[in-house]
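Asker: Everything below, folded, please.
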Amino acid sequence: MTTAQVKTYLGIPSATTTYDADIARYIPIVEAAARQITGGLYLLQVNGTITTGSKEIVVSSVYSQTRQLYGATTSASGEGFPYGDPGPKNKPLIGVLPAGLQISGDGIPSDSFIERVQIFGGASTVILSAQATKTQEVAAYTDFPIGFLTTIAHGVWWAIGQQKTASGDTTWTSRSVGPVSETRSAAEMKIDGLYGMPAWFIKAFPRVYHG
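Answerer: This next block holds a predicted model:
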């Protein structure tokens, strides 16, 4: 996220610069915590073709950081597949790229996100929130769904205010953190403070475990 985006989600006027330095300082810290929680779930490479003035990406393949998730393999010789993957998947594109993912790449306007995914006429297509500015093949990269941006923004504000309660503190059952009202149980106390963030932040994201 950018400082301007965080201010927008928090309702801070753009002309108010009092918190800009603190916001910029904590954005990467809070985003890093969110990436720990989600295990890089939303970091994908989307390969395809874009056309100037069109909101479509005709998708050829999609990769996570470790394997191919969608599309035909690039190997025709039987000598192996990209990223050590055993071969292409049979997942539909809509099962790989959910709507709402932020997406960036050469020729894709900043702050763009995936509006929807559709498969008509034999083409697997991603519809962007903005029109492409170039006609070319593109390697685009996705990030957190836009629905999580307000949580990240409020996580930044929480970090700035240092409104942290220790993991084992039992002196409260409910409190307000900025615009967020939190009531917690004994079970929630176990995650409060994980990743350096409060329970309400951790619960907002899907948690990915690494075995």
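
Asker: Run through the residues that contact residue 42.
Answerer: 101, 142-145 (CB atoms under 8 Å, 6 or more residues apart in numbering). (C-beta placed from N, C-alpha, C; glycine too.)

Asker: how about the strands of the chain, start to end?
Answerer: For the chain, the strands defined by DSSP state E occupy 45-50, 56-63, 68-71, 101-104, 114-120, 123-128, 136-145, 174-177, 180-183.

Asker: Would you check how far apart residue 31 and residue 43 are?
Answerer: When distances are taken as CB to CB, to the nearest Å, residue 31 and residue 43 turn out to be 11 Å apart.

Asker: coming back round to it: same list (the contacts of residue 42) but as CSV, adding neighbour count.
Answerer: Listed next are the contacts of residue 42 as CSV, based on neighbours: other CB atoms under 10 Å:
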residue, neighbour count
101, 22
142, 22
143, 18
144, 22
145, 15
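
Asker: ok, of those, which one's closest to residue 108?
Answerer: Nearest to residue 108 among the contacts of residue 42 is residue 142, at 10.9 Å by CB to CB.

Asker: who's that closest one bridged to?
Answerer: Assessed by DSSP bridges, residue 142 has beta-bridge partners residue 103.

Asker: got a list of what it touches?
Answerer: By CB under 8 Å, 6+ apart, the residues touching residue 142 are 42-44, 46, 97, 101-103, 114.

Asker: now that we have the residues you listed, which one has the most neighbours?
Answerer: Across the contacts of residue 142, neighbour numbers were computed from other CB atoms under 10 Å; residue 46 holds the maximum, 27 neighbours.

Asker: so what's it closest to, chain neighbours aside?
Answerer: Once its chain neighbours are removed from consideration, residue 46 has its nearest residue in residue 140; the separation is 4.5 Å (CB to CB, 6 or more residues apart in numbering).

Asker: burial measure for the one you found, as a count.
Answerer: Number of residues near residue 140 (other CB under 10 Å) recorded here: 24.

Asker: pretty sure it is touching residue 57, no?
Answerer: Yes. Shown here, residue 140 and residue 57 form a contact pair, counting by CB atoms under 8 Å, at 6.7 Å.

Asker: Mutual contacts of those two, please.
Answerer: Residues touching both residue 140 and residue 57 (CB under 8 Å, 6+ apart): 46, 48.

Asker: distance of residue 68 from residue 104?
Answerer: Distance, residue 68 to residue 104, by CB to CB: 21 Å.

Asker: neighbour count winner among those two?
Answerer: Just comparing residue 68 and residue 104: by other CB under 10 Å the higher neighbour count belongs to residue 68, 22 against 14.
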